[in-house]
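K.L.:
no sequence for this one, just the structure:
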């Protein structure tokens, strides 16, 4: 796939995931929906890291650090939601 096509697919996926986030947020305020929104956010971070930043061609350490950052942030936010309810 050409670079412009990859970027177009990433953009479309990010737009779709953004709409999913809005739909999930409008559905209610349950614990399960909050986790689903966090998972969508991690998916968006993965698309940005691999698609737009092109970290899929970077050394493994840098790619893992960038991908794990989103997971760590989602875990901290999730724990905050669980602990302070």
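P.N.:
Cool, the structure landed. This one's a predicted model, so the numbers in the text were calculated from it and none came from an experiment.
K.L.:
low-confidence ranges, the protein, go.
P.N.:
For the chain, applying pLDDT under 70 flags no range at all.
K.L.:
could you pull out the helices for it?
P.N.:
For the chain, helices defined by DSSP state H occupy the ranges 3-27, 31-47, 60-83.
K.L.:
for those helices, state which one has the densest average packing.
P.N.:
helix 31-47 (a mean of 16; mean count of other CB atoms under 10 Å). Yep, even glycine has a C-beta here, placed from its N, CA and C like the rest.
K.L.:
which elements pack onto it?
P.N.:
helix 3-27, helix 60-83 (3 or more CB pairs under 8 Å, 6 or more residues apart in numbering; DSSP states H and E).
K.L.:
between the ones you listed, which gets nearest to residue 37?
P.N.:
With respect to residue 37, and counting by CB to CB, the nearest of the helices and strands packed on helix 31-47 is helix 3-27 at 5.2 Å.
K.L.:
now do the closest one against helix 31-47: the angle between them, please.
P.N.:
170 degrees (axes from the mean of the first three to the mean of the last three CA atoms, to 10 degrees).
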